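Enquirer: just coords:
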């Protein structure tokens, strides 16, 4: 356990950041599930709308270093390929 005051503060800060990062990652996964469900249902209009929202969330997370840039690019590429299956 930390003894120094600043180290104790950092522990609290890191815990808050970890919770926020988990929230954002969970939100991304929820949008991905919604997107895949709409593609599987054959609703191209909804899938296109959800793809744009999901890509926006992924880009935002990557810019804040919540997920790595390569991870974000890979997710976006796979989602786009998934949408192309609908054609």
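Expert: Cool, the structure landed. Predicted, not measured: the structure shown is a model, and the values here were computed from it.

Enquirer: mind showing which ranges of the chain have poor pLDDT?
Expert: Along the chain, the model assigns pLDDT under 70 to no residue.

Enquirer: quick one: contacts for residue 71?
Expert: residue 62 (Cβ atoms under 8 Å, 6 or more residues apart in numbering). (Glycine included, C-beta is placed from N, CA and C.)

Enquirer: three-state assignment of it?
Expert: For residue 71, the assignment made with DSSP: H, G, I helix; E, B strand; the rest coil gives helix.

Enquirer: how much space between it and residue 24?
Expert: 13 Å (Cβ to Cβ, to the nearest Å).

Enquirer: residue 9 too?
Expert: 23 Å.

Enquirer: next one: residue 76
Expert: Distance from residue 76 to residue 24, by Cβ to Cβ: 16 Å.

Enquirer: do residue 48 as well
Expert: 23 Å.

Enquirer: which one's more surrounded, the two?
Expert: Taking other Cβ atoms under 10 Å, residue 48 and residue 24 do not tie; residue 24 has more neighbours (17 against 14).
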